[in-house]
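Asker: here is a sequence together with a model predicted from it:
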Amino acid sequence: MRRPDVPREIDLSKIIGDRRLSDAERAVLQFVAAHLAEARTLGVREIARRCFTSPSTVMRLTRKLGYNGFVDMCYRLQAEYTGCPPSVVKPNGAASNLDSRAPDLAPSPAGGAALPDVARVLRHSIGFVHIYGCGFSSLTAAYLSKKLLGLGVRALHSSADDSIAIFENNLDRTDALIVFSRSGRTPRVLDRVKIAGEEGICTVAFTGDRPSPLRDACDFPILVADEQALDDRNTDFTLYFARCIALIEYLMDEYQRLSFS
């Protein structure tokens, strides 16, 4: 088993995305990724020297990748790949104990902003509320479905294992589509949101708090803080799904408040 304080092999393509890097910039990124624990201590000039390039190349790389300077780049990469949330990464790279990871699951102002609107959509729905998620996200989708069914809402849950016909053949009786996608880039999720939008169906998404096509495409994005946004295999410590469940509970509380008001 990998120690929490030892970074896993980093998929640089997820960091780079569609940005065009020079060979020198790519070499710097590879060096930093391979030496996360000591990169900040080495500093810009020493890393540039070891990569046979100039300090300006290092700084240009940080700007291209969207970081607020060299220290910010090192800090965020270390936080994302040590298995610890940024707030508990120690300077020496050591993992904190479990007590210091005690979760704060209250929604952020941005994350919870859409909850009252979504609660109103649910409160006034008379048709189906279709809930969809793939992979690990299907678990949170199923949880929301059962919560809504328990409250008398006509929830219809489907996942990647189900035919799209379940969704398409019930469009005329669907009032809202709620999807779950951690990355916000899952093709099957985006396809359903696109179809629902064309049919005038309200769309809601529980998704990570980074920019994504899903966040832009749906009517009400519910943003979930994700300290391991690049861990698409879900192998490292994360509170993302715990926060999803917490947001569902806050949504249900808002729904019941409307129901009894």
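Answerer: In hand now; what should we look at?

Asker: so what's the residue count around Cys202?
Answerer: 20 (other C-beta atoms under 10 Å). Placement of C-beta: from N, CA and C, glycine included.

Asker: ditto for Lys194
Answerer: Lys194, neighbours per other C-beta under 10 Å, totals 13.

Asker: now do it against Asp216, distance only.
Answerer: 12 Å (C-beta to C-beta, to the nearest Å).

Asker: quickly list what's touching both of these two.
Answerer: Counting by C-beta atoms under 8 Å, 6 or more residues apart in numbering, Lys194 and Asp216 have no contacts in common.

Asker: how about low-confidence regions in this structure?
Answerer: 1-11, 80-104, 261 (pLDDT under 70).

Asker: what domains does the record give for it?
Answerer: 12-101, 109-260 (automatic domain parsing).

Asker: out of those, which is the most enclosed?
Answerer: domain 109-260 (a mean of 18; mean count of other C-beta atoms under 10 Å).

Asker: run the chain-centre distance for that one.
Answerer: 13 Å (C-alpha atoms, centre = their mean, to the nearest Å).

Asker: same check, this time on stretch 37-55
Answerer: That offset, for stretch 37-55, works out to 31 Å (C-alpha atoms, centre = their mean).

Asker: hey, C-alpha coordinates of that stretch in CSV?
Answerer: Written as CSV, here are the backbone C-alpha positions of stretch 37-55 (Å, rounded to 0.1, in the frame of the first residue of the first chain):
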residue,chain,number,x,y,z
ALA,A,37,8.3,17.1,-1.1
GLU,A,38,11.3,19.2,-1.8
ALA,A,39,10.3,21.4,-4.7
ARG,A,40,9.3,24.4,-2.6
THR,A,41,12.6,24.2,-0.7
LEU,A,42,14.7,24.0,-3.8
GLY,A,43,13.1,27.1,-5.2
VAL,A,44,12.8,28.6,-8.7
ARG,A,45,16.5,29.1,-9.5
GLU,A,46,17.7,25.7,-8.3
ILE,A,47,14.9,23.9,-10.2
ALA,A,48,15.7,25.9,-13.3
ARG,A,49,19.4,25.0,-12.9
ARG,A,50,18.7,21.3,-12.6
CYS,A,51,16.4,21.4,-15.6
PHE,A,52,19.0,23.3,-17.7
THR,A,53,16.7,26.3,-18.3
SER,A,54,16.0,29.8,-16.9
PRO,A,55,14.0,30.9,-13.9
